[in-house]
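Colleague: need a 3D model of the sequence below.
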Amino acid sequence: MGGGKPLFSYSPRPLFAWRAFLLRLFGAKVGRNVHIYNSANIYFPWNLEIGDHSAIGENAYIYNLGHVIIGNKTTISQRAHLCAGTHDFSDPALPLLKPPIVIDHQAWICADAFVGPGVKVGEGAIVGARAVVTRDVDPWVIVAGNPAVFIKRREMKEE
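Modeller: A predicted model of the protein is given here:
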(Lines give C-alpha, C1' and ligand atoms only; values in the text may rest on other atoms or scores of the structure.)
Protein backbone atom coordinates (compact mmCIF):
# COMPACT_ATOMS: atom_id res chain seq x y z
CA MET A 1 0.00 0.00 0.00
CA GLY A 2 3.04 2.24 0.01
CA GLY A 3 2.31 5.48 1.88
CA GLY A 4 -1.06 4.22 3.09
CA LYS A 5 0.43 1.31 5.02
CA PRO A 6 0.80 3.15 8.37
CA LEU A 7 -2.78 4.43 8.15
CA PHE A 8 -3.87 0.82 7.71
CA SER A 9 -1.55 -0.91 10.18
CA TYR A 10 -1.89 1.56 13.03
CA SER A 11 -5.66 1.88 12.78
CA PRO A 12 -7.45 0.59 15.89
CA ARG A 13 -8.52 -3.02 15.61
CA PRO A 14 -12.31 -2.46 15.29
CA LEU A 15 -12.04 0.11 12.45
CA PHE A 16 -12.88 -2.34 9.69
CA ALA A 17 -14.77 0.26 7.64
CA TRP A 18 -11.73 2.57 7.71
CA ARG A 19 -9.44 -0.15 6.36
CA ALA A 20 -11.99 -1.07 3.68
CA PHE A 21 -12.09 2.61 2.70
CA LEU A 22 -8.28 2.74 2.47
CA LEU A 23 -8.14 -0.40 0.37
CA ARG A 24 -10.78 1.03 -1.98
CA LEU A 25 -8.66 4.18 -2.35
CA PHE A 26 -5.86 1.95 -3.62
CA GLY A 27 -8.12 0.16 -6.07
CA ALA A 28 -9.38 -2.86 -4.14
CA LYS A 29 -12.95 -4.01 -4.64
CA VAL A 30 -14.28 -4.49 -1.12
CA GLY A 31 -17.81 -5.64 -0.37
CA ARG A 32 -20.10 -4.66 2.49
CA ASN A 33 -19.41 -5.58 6.10
CA VAL A 34 -15.92 -6.90 5.40
CA HIS A 35 -13.54 -7.38 8.33
CA ILE A 36 -9.89 -7.00 7.45
CA TYR A 37 -7.61 -6.83 10.49
CA ASN A 38 -4.96 -4.16 10.80
CA SER A 39 -2.09 -6.66 10.84
CA ALA A 40 -3.13 -8.26 7.53
CA ASN A 41 -0.67 -7.61 4.74
CA ILE A 42 -2.16 -6.96 1.32
CA TYR A 43 0.65 -6.55 -1.16
CA PHE A 44 -1.19 -4.93 -4.08
CA PRO A 45 -4.66 -3.67 -3.06
CA TRP A 46 -5.65 -3.10 -6.69
CA ASN A 47 -5.39 -6.86 -7.23
CA LEU A 48 -7.80 -7.71 -4.43
CA GLU A 49 -11.52 -8.35 -4.70
CA ILE A 50 -13.38 -9.45 -1.58
CA GLY A 51 -17.11 -10.06 -1.29
CA ASP A 52 -19.69 -9.11 1.31
CA HIS A 53 -19.45 -10.39 4.89
CA SER A 54 -15.96 -11.82 4.43
CA ALA A 55 -12.88 -11.52 6.61
CA ILE A 56 -9.10 -11.50 6.39
CA GLY A 57 -7.60 -12.36 9.78
CA GLU A 58 -4.65 -11.15 11.75
CA ASN A 59 -1.26 -11.45 10.07
CA ALA A 60 -2.74 -13.01 6.96
CA TYR A 61 -0.53 -12.42 3.96
CA ILE A 62 -2.16 -11.70 0.62
CA TYR A 63 0.71 -11.76 -1.88
CA ASN A 64 -1.41 -10.73 -4.82
CA LEU A 65 0.94 -10.19 -7.72
CA GLY A 66 -1.94 -11.71 -9.68
CA HIS A 67 -5.58 -11.12 -8.83
CA VAL A 68 -6.93 -12.60 -5.63
CA ILE A 69 -10.69 -12.92 -5.62
CA ILE A 70 -12.38 -13.80 -2.34
CA GLY A 71 -16.11 -14.52 -2.41
CA ASN A 72 -18.95 -13.62 -0.07
CA LYS A 73 -19.10 -14.98 3.49
CA THR A 74 -15.54 -16.27 3.21
CA THR A 75 -12.92 -16.37 5.94
CA ILE A 76 -9.17 -16.12 5.52
CA SER A 77 -7.89 -16.95 9.01
CA GLN A 78 -4.90 -15.63 10.87
CA ARG A 79 -1.47 -16.10 9.26
CA ALA A 80 -2.92 -17.73 6.15
CA HIS A 81 -0.86 -17.03 3.05
CA LEU A 82 -2.41 -16.57 -0.38
CA CYS A 83 0.43 -16.47 -2.91
CA ALA A 84 -0.55 -15.35 -6.42
CA GLY A 85 2.99 -15.21 -7.76
CA THR A 86 5.62 -17.70 -8.88
CA HIS A 87 8.35 -18.18 -11.45
CA ASP A 88 8.52 -20.26 -14.63
CA PHE A 89 11.17 -22.76 -13.52
CA SER A 90 11.40 -24.22 -17.05
CA ASP A 91 12.94 -20.95 -18.25
CA PRO A 92 16.52 -20.21 -17.11
CA ALA A 93 15.56 -16.55 -16.65
CA LEU A 94 12.83 -17.58 -14.14
CA PRO A 95 10.32 -15.04 -15.42
CA LEU A 96 7.68 -13.93 -12.97
CA LEU A 97 4.21 -15.45 -13.35
CA LYS A 98 1.07 -14.03 -11.77
CA PRO A 99 -1.64 -16.72 -11.81
CA PRO A 100 -4.79 -15.59 -9.99
CA ILE A 101 -6.27 -17.20 -6.90
CA VAL A 102 -10.01 -17.60 -6.43
CA ILE A 103 -11.50 -18.41 -3.04
CA ASP A 104 -15.18 -18.98 -3.68
CA HIS A 105 -18.18 -18.05 -1.51
CA GLN A 106 -18.49 -19.49 1.99
CA ALA A 107 -15.02 -21.05 1.92
CA TRP A 108 -12.71 -21.01 4.93
CA ILE A 109 -8.94 -20.92 4.72
CA CYS A 110 -7.83 -21.91 8.23
CA ALA A 111 -4.89 -20.59 10.25
CA ASP A 112 -1.43 -20.79 8.69
CA ALA A 113 -2.66 -22.45 5.51
CA PHE A 114 -0.89 -21.75 2.23
CA VAL A 115 -2.78 -21.42 -1.05
CA GLY A 116 -0.55 -21.35 -4.09
CA PRO A 117 -0.75 -19.52 -7.41
CA GLY A 118 -3.50 -20.44 -9.85
CA VAL A 119 -5.56 -22.31 -7.27
CA LYS A 120 -9.34 -22.15 -7.05
CA VAL A 121 -10.92 -23.12 -3.74
CA GLY A 122 -14.52 -24.09 -4.42
CA GLU A 123 -17.64 -22.77 -2.74
CA GLY A 124 -18.02 -23.91 0.85
CA ALA A 125 -14.66 -25.68 0.91
CA ILE A 126 -12.44 -25.71 4.01
CA VAL A 127 -8.66 -25.73 3.84
CA GLY A 128 -7.41 -27.04 7.19
CA ALA A 129 -4.90 -25.32 9.44
CA ARG A 130 -1.36 -25.33 8.03
CA ALA A 131 -2.47 -27.11 4.87
CA VAL A 132 -0.55 -26.49 1.66
CA VAL A 133 -2.84 -26.25 -1.37
CA THR A 134 -1.29 -26.29 -4.84
CA ARG A 135 -4.26 -27.72 -6.76
CA ASP A 136 -7.90 -26.73 -7.04
CA VAL A 137 -10.19 -27.71 -4.17
CA ASP A 138 -13.67 -28.98 -5.01
CA PRO A 139 -16.73 -27.25 -3.56
CA TRP A 140 -18.02 -28.34 -0.13
CA VAL A 141 -15.05 -30.53 0.80
CA ILE A 142 -12.48 -30.36 3.58
CA VAL A 143 -8.81 -30.75 2.72
CA ALA A 144 -5.80 -30.78 5.05
CA GLY A 145 -2.11 -31.66 5.16
CA ASN A 146 0.98 -30.95 3.12
CA PRO A 147 0.23 -31.43 0.34
CA ALA A 148 -3.46 -31.00 1.11
CA VAL A 149 -5.60 -34.08 0.52
CA PHE A 150 -9.32 -34.74 0.68
CA ILE A 151 -10.53 -35.43 4.23
CA LYS A 152 -14.30 -35.51 3.83
CA ARG A 153 -17.30 -33.76 2.35
CA ARG A 154 -18.59 -30.75 4.25
CA GLU A 155 -22.16 -31.35 5.28
CA MET A 156 -24.36 -28.59 6.63
CA LYS A 157 -26.81 -29.06 9.50
CA GLU A 158 -30.47 -28.83 8.60
CA GLU A 159 -32.41 -26.11 10.40
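Colleague: all contacts plus neighbour counts: C-alpha atoms, from now on.
Modeller: Will do.
Colleague: now the biggest helix by length in the chain: buried residues?
Modeller: Using DSSP state H, we find that the single longest helix of the chain is helix 16-25. Using 16 or more other Cα atoms under 10 Å as the test for burial, helix 16-25 gives 16, 19-20, 22-24.
Colleague: residue 141: neighbouring residues, count only.
Modeller: 20 (other Cα atoms under 10 Å).
Colleague: give the contact list for it.
Modeller: 124-126, 150-154 (Cα atoms under 8 Å, 6 or more residues apart in numbering).
Colleague: which residue sits closest to it, ignoring its sequence neighbours?
Modeller: residue 153 (4.2 Å; Cα to Cα, 6 or more residues apart in numbering).
Colleague: count of neighbours near the one you found?
Modeller: 15.
Colleague: repeat that for residue 71.
Modeller: Using other Cα under 10 Å, the number of residues around residue 71 comes to 22.
Colleague: that one touches residue 52, doesn't it?
Modeller: Yes. Using Cα atoms under 8 Å, residue 71 is in contact with residue 52, at 7.5 Å.
Colleague: neighbours of residue 66, how many?
Modeller: Neighbours around residue 66, by other Cα under 10 Å: 21.
Colleague: model confidence at it, what's the number?
Modeller: Residue 66 is assigned 98 on the pLDDT scale.
Colleague: what sits closest to it if chain neighbours are left out?
Modeller: Residue 66's closest residue in space is residue 98 (Cα to Cα, 6+ apart), at 4.3 Å.
Colleague: what residues are up against the one you found?
Modeller: Listed by Cα under 8 Å, 6+ apart, the contact partners of residue 98 are 65-67, 84-86, 117.
Colleague: residue farthest from the centroid of the protein?
Modeller: Largest separation from the mean C-alpha position in the chain: residue 92, at 30.0 Å (Cα atoms, centre = their mean).
Colleague: run a quick neighbour tally on residue 81.
Modeller: Neighbours of residue 81 (other Cα under 10 Å): 24.
Colleague: and if you look at residue 158?
Modeller: 4.
Colleague: roughly how far does it sit from residue 84?
Modeller: Separation of residue 158 from residue 84 (Cα to Cα, to the nearest Å): 36 Å.
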